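# Okay, structure incoming, though there's no sequence with it:
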């Protein structure tokens with residue numbers, strides 16, 4: 001039985017993906033800041049799951065928390081890093097909120113890096129594995145509504161690509177997948193105006209699982225967001241500022 005760890009499994013795409021992996025016969029380990037919610041999720045899965053509390057912003061404790069979960073599972077073939085934070089303010093004239101921005105950076109940059117590093121180190125020492133991170137289409141360009149979030153997701157995508165290059169140049173059998181969702185109905189994004197092509201967390205997770213099985217380097221979720229991504233990359237700033 002293959003073994004998967006999901007960090008950020010208490011809600012949204014992480015929670016939905018846990019159910020899909022369990023359905024497909026994977027042993028799953030669940031990690032999130034809200035451990036009691038994980039126990040409820042674990043009880044709903046078709047077979048037993050390992051559960052650990054993990055606050056990724058507490059970077060000093062991440063490696064040991066992950067190792068504890070790996071020991072409970074008896075190994076790890078796949079890790080999905082789905083933990084994330086956002087601060088959204090649609091008013092471009094609103095003052096910056098340094099505390100809120102720092103929280104986003106603590107989770108999406110420092111926390112992500114800590115988990116990815118711990119997973120990469122484990123895979124490098126144990127014959128390989130699959131590292132999957134959830135970035136966002138928002139990481140392709142800047143955003144006046146959530147500047148820290150868009151910048152943090154650009155970091156995630158570039159860090160994943162850097163680890164992929166590092167693995168290839170080191171001759172390591174480590175697959176790295178960058179998942180770039182568009183609009184998905186999750187607690188973090190609830191109530192944000194102007195969204196379209198909104199996928200359910202379950203629909204998004206089904207496509208994430210398909211990308212994992214196919215060992216994709218990059219996957220847009222849902223797939224049609226690849227068109228928007230191409231347009232965003234090509235869009236000059238003179239047009240971007242009008243969106």
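Yep, it's here. All values derive from a computational prediction rather than experimental measurement.
# now the helices for the protein?
Ranges of helices in the chain, per DSSP state H, are 12-23, 35-43, 59-73, 98-105, 112-125, 147-170, 201-213, 225-234, 237-240.
# Contacts for the second one, please.
The one in question is helix 35-43. Residues from elsewhere that reach helix 35-43 (Cβ atoms under 8 Å, 6 or more residues apart in numbering): 9-11, 15, 18, 30-32, 48-49, 51-53. All C-beta atoms are positioned from the backbone trio N, CA, C, and that covers glycine.
# got the angle between it and helix 12-23?
30 degrees (axes from the mean of the first three to the mean of the last three Cα atoms, to 10 degrees).
# Pick the most buried one from the helices of the chain.
Stretch with highest mean neighbour count among the helices of the chain: helix 12-23 (a mean of 23; mean count of other Cβ atoms under 10 Å).
# so how far is that one from its chain's centroid?
13 Å (Cα atoms, centre = their mean, to the nearest Å).
# who's in contact with it?
By Cβ under 8 Å, 6+ apart, the list of residues contacting helix 12-23 from outside reads 4, 6-9, 28, 30, 32, 41, 44-47, 49, 80, 82-83, 134, 181, 184, 186-188, 201-202, 204-206, 208-209.
# So which of those residues are in strands?
Of the contacts of helix 12-23, the ones assigned to strands by DSSP state E are 4, 6-7, 28, 30, 32, 80, 134, 181, 184.
# export these to a markdown table and tack on distance to residue 105 and neighbour count?
As requested, those are exported to a markdown table (distance: Cβ to Cβ, whole Å; neighbours: other Cβ atoms under 10 Å):
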| residue | distance to residue 105 | neighbour count |
| --- | --- | --- |
| 4 | 27 | 25 |
| 6 | 22 | 30 |
| 7 | 17 | 29 |
| 28 | 29 | 27 |
| 30 | 25 | 29 |
| 32 | 19 | 25 |
| 80 | 21 | 29 |
| 134 | 16 | 29 |
| 181 | 20 | 25 |
| 184 | 22 | 24 |
